[in-house]
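Trainee: Sequence unavailable; structure follows:
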Ligand code: UN1
């Protein structure tokens with residue numbers, strides 16, 4: 001298997017020429033940004049300090065006062081233009097995602113497509129920010145609700161979706177009338193600057209306030225300042241459960257609103273009636289795609305005992321043929337892990353699982369160490385285990401799939417739910433009753449519950465997010481926009497009388 005890993009000169013030149021084509025200035029500084037493709041440096045940037053957060057919030061609050069008065073459909077027109085610019089620059093933006101995250105070209109382009117799709121969605125939404133009217137119990141009264149822009153939205157995003165997750169928040173927030181301050185992952189500064197620049201072009205063309213979109217490249221101190229700032233009305237954070245556990249209480253303490261998108265330990269239940277061809281394809285994309293680094297990555301397969309052996313054999317034979325290597329080479333399906341820490345986390349999880357009696361039946365090893373000693377390419381791994389031990393219940397952010405057996409369908413549902421996270425889940429079955437039970441209130445307890453499709457790769461039209469230690473937030477499609485607006489309930493009296501609700505008599 002050829003890795004085709006480009007040399008440092010080639011990768012640096014690619015980063016530089018892509019940024020130049022996008023017309024983005026990079027503020028030069030001390031902080032080195034590396035590409036996981038070979039582990040070498042591709043950026044040297046200045047980091048903002050904490051004081052910049054307060055300035056950014058002030059600017060955003062000023063911008064908010066103007067932006068909230070722009071009619072929502074006109075706000076939508078700006079987002080429409082942004083979507084066009086993203087379409088125009090799709091390849092260059094995807095290149096940056098591949099360079100900084102190590103995503104294969106098709107998935108990097110898919111990520112930019114998610115941005116374009118959410119822009120489309122938000123444009124439609126800009127004419128559909130509906131409130132309800134309710135029948136008033138009093139004659140000559142109208143009871144209704146109105147949705148108003150909320151205020152400054154802070155977005156903290158993770159390395160693995162360095163562009164799409166910000167855009168889900170931003171496209172929706174902008175049509176809702178809110179400015180956005182973005183603190184991206186320190187691992188993906190070029191992608192962030194380039195994405196923010198495309199939006200800034202749309203803002204300039206529409207003569208909208210510049211500060212409706214701001215990006216702050218900085219460290220954890222900057223993130224914390226954003227979290228704690230009383231001027232940030234909604235804080236949307238994507239990352240680990242550990243991060244969410246810190247962020248949630250800090251925002252709650254100041255009565256801010258938070259939207260948390262944390263980890264997942266996503267499973268597929270494979271039943272005796274499942275179409276195994278389709279099942280294997282669904283599992284392999286969700287478990288090995290994106291080198292196992294999506295929050296929706298499939299980490300567990302709960303297979304009926306009658307199909308577990310055949311399914312495992314088929315998975316192993318596909319895993320043996322997975323093309324690993326330079327994510328930007330055509331045909332590669334598995335790129336590198338983000339860094340050494342991810343590799344070590346995977347190694348230690350495999351060691352623990354096998355130490356507890358699990359058997360490693362596919363992959364797990366590091367590859368191309370000679371060609372790229374500072375990059376971490378691994379063979380996606382499968383571990384068979386008899387039960388859901390503590391290590392299986394934990395999220396390991398790498399391509400490591402556990403296969404465990406079940407006998408009764410109820411037991412499979414219980415195993416699916418018996419983990420701290422509740423993001424995504426699926427069932428592979430041709431038995432309608434099983435499918436319905438899995439998606440029912442007695443079924444999977446996750447925010448995403450699928451049938452005959454993997455756990456990852458959700459469309460933007462649905463609300464995205466999950467329960468329990470996944471944080472409970474929902475963003476992107478459906479009615480997730482409501483988190484970005486404040487609701488006012490209005491009672492309008494046109495009766496000329498003053499009847500009180502609940503028939504209360506208060507006549508003086
Ligand atoms: C994430 O991994 O943080 O459903 C988001 C998916 C993508 C988004 C994943 N649309 O896999």
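Mentor: That came through fine. All figures in this text were calculated on a predicted structure; none of them were measured in a lab.

Trainee: distance of residue 214 from the ligand?
Mentor: According to C-beta to the nearest ligand atom, to the nearest Å, residue 214 and the ligand sit 22 Å apart. Any C-beta I mention is one placed from the backbone N, CA and C, and that applies to glycine too.

Trainee: That residue looks like it's in a helix, true?
Mentor: No - looking at residue 214 with DSSP: H, G, I helix; E, B strand; the rest coil, it is strand, so not inside a helix.

Trainee: right, and it touches residue 182 too?
Mentor: Yes - at 6.9 Å, residue 214 counts as touching residue 182 under the criterion of C-beta atoms under 8 Å.

Trainee: residues near the closest residue to the ligand within the stretch 1-150 of the chain, how many?
Mentor: For the stretch 1-150 of the chain, the residue closest to the ligand is residue 114, as judged by C-beta to the nearest ligand atom, at 5.9 Å. Residue 114: 22 surrounding residues under other C-beta atoms under 10 Å.

Trainee: Same question for residue 313.
Mentor: 11.

Trainee: Give me the three-state assignment for it.
Mentor: Going by three-state DSSP: residue 313 is helix.

Trainee: What of residue 403?
Mentor: Once three-state DSSP is applied, residue 403 turns out strand.

Trainee: That one and the ligand: what is the separation?
Mentor: Per C-beta to the nearest ligand atom, residue 403 is found 21 Å from the ligand.

Trainee: What residues of stretch 337-345 count as buried?
Mentor: Neighbour counts over stretch 337-345 (16 or more other C-beta atoms under 10 Å) mark 337-339, 342-343, 345 as buried.

Trainee: before we move on, back to that, common neighbours of residue 214 and residue 182, please.
Mentor: residue 196 (C-beta atoms under 8 Å, 6 or more residues apart in numbering).

Trainee: Let me know how buried the residue in the stretch 101-250 of the chain positioned nearest to the ligand is, in neighbour terms.
Mentor: At 4.4 Å from the ligand, residue 161 is the closest residue in the stretch 101-250 of the chain, using C-beta to the nearest ligand atom. A total of 25 residues lie near residue 161 under the criterion other C-beta under 10 Å.

Trainee: SS state for the nearest residue to it once chain neighbours are set aside?
Mentor: Among residues not flanking residue 161 along the chain, residue 111 sits closest, at 6.3 Å (C-beta to C-beta, 6 or more residues apart in numbering). Following three-state DSSP, residue 111 is assigned to helix.

Trainee: Quick one: residues contacting residue 111.
Mentor: Each residue near residue 111 by C-beta under 8 Å, 6+ apart is listed here: 94, 97, 103, 161-164.

Trainee: rerun that using 10 Å as the cut-off
Mentor: For residue 111, the contacting residues are 90, 93-94, 97-98, 101, 103, 160-165, 167, 191, 290, by C-beta atoms under 10 Å, 6 or more residues apart in numbering.

Trainee: so of those residues, which ones are in helices?
Mentor: Of the positions in the contacts of residue 111, 90, 93-94, 97-98, 101, 164-165, 167, 191 sit in helices, assigned by DSSP state H.

Trainee: Out of those, just show me the ones up against the ligand, please.
Mentor: Residues of the ones in helices among the contacts of residue 111 in contact with the ligand (C-beta under 6 Å from any ligand atom): residue 165.

Trainee: Export the ones in helices among the contacts of residue 111 to JSON lines and append columns for pLDDT and neighbour count.
Mentor: Shown next, in JSON lines, are the ones in helices among the contacts of residue 111 (pLDDT from 0 to 100; neighbours: other C-beta atoms under 10 Å):
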{"residue": "90", "pLDDT": "98", "neighbour count": "17"}
{"residue": "93", "pLDDT": "98", "neighbour count": "25"}
{"residue": "94", "pLDDT": "98", "neighbour count": "25"}
{"residue": "97", "pLDDT": "98", "neighbour count": "28"}
{"residue": "98", "pLDDT": "98", "neighbour count": "27"}
{"residue": "101", "pLDDT": "98", "neighbour count": "30"}
{"residue": "164", "pLDDT": "98", "neighbour count": "23"}
{"residue": "165", "pLDDT": "98", "neighbour count": "29"}
{"residue": "167", "pLDDT": "98", "neighbour count": "30"}
{"residue": "191", "pLDDT": "98", "neighbour count": "29"}
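
Trainee: For the helix or strand residue 346 falls within, which helices and strands make contact with it?
Mentor: Applying DSSP states H and E as the criterion places residue 346 in helix 340-355. Judged by 3 or more C-beta pairs under 10 Å, 6 or more residues apart in numbering; DSSP states H and E, the packing partners of helix 340-355 are strand 359-362, strand 366-367, strand 377-378, strand 381-384, helix 390-393, strand 400-406.

Trainee: That helix close to the ligand?
Mentor: No - against the ligand, helix 340-355 shows no contacts by C-beta under 6 Å from any ligand atom, the least distance being 14.0 Å.

Trainee: Give me the contacts around that helix.
Mentor: By C-beta under 10 Å, 6+ apart, helix 340-355 touches 36, 39, 159, 291-293, 299, 336-337, 358-360, 363-366, 374-378, 380-381, 383-385, 389-392, 394-400, 402.

Trainee: So which residues of the stretch 1-150 of the chain form helices?
Mentor: Along the stretch 1-150 of the chain, counting by DSSP state H, counting those that start in this stretch, helices occupy 8-21, 51-67, 72-88, 90-101, 105-125.

Trainee: Pick the most deeply packed of the ones you listed.
Mentor: helix 90-101 (a mean of 24; mean count of other C-beta atoms under 10 Å).

Trainee: can you confirm residue 202 is in a helix?
Mentor: Yes - Residue 202: assigned to a helix according to three-state DSSP.

Trainee: List the contacts of it.
Mentor: Residue 202 touches 77-86, 119, 174, 208, 213, counting by C-beta under 10 Å, 6+ apart.
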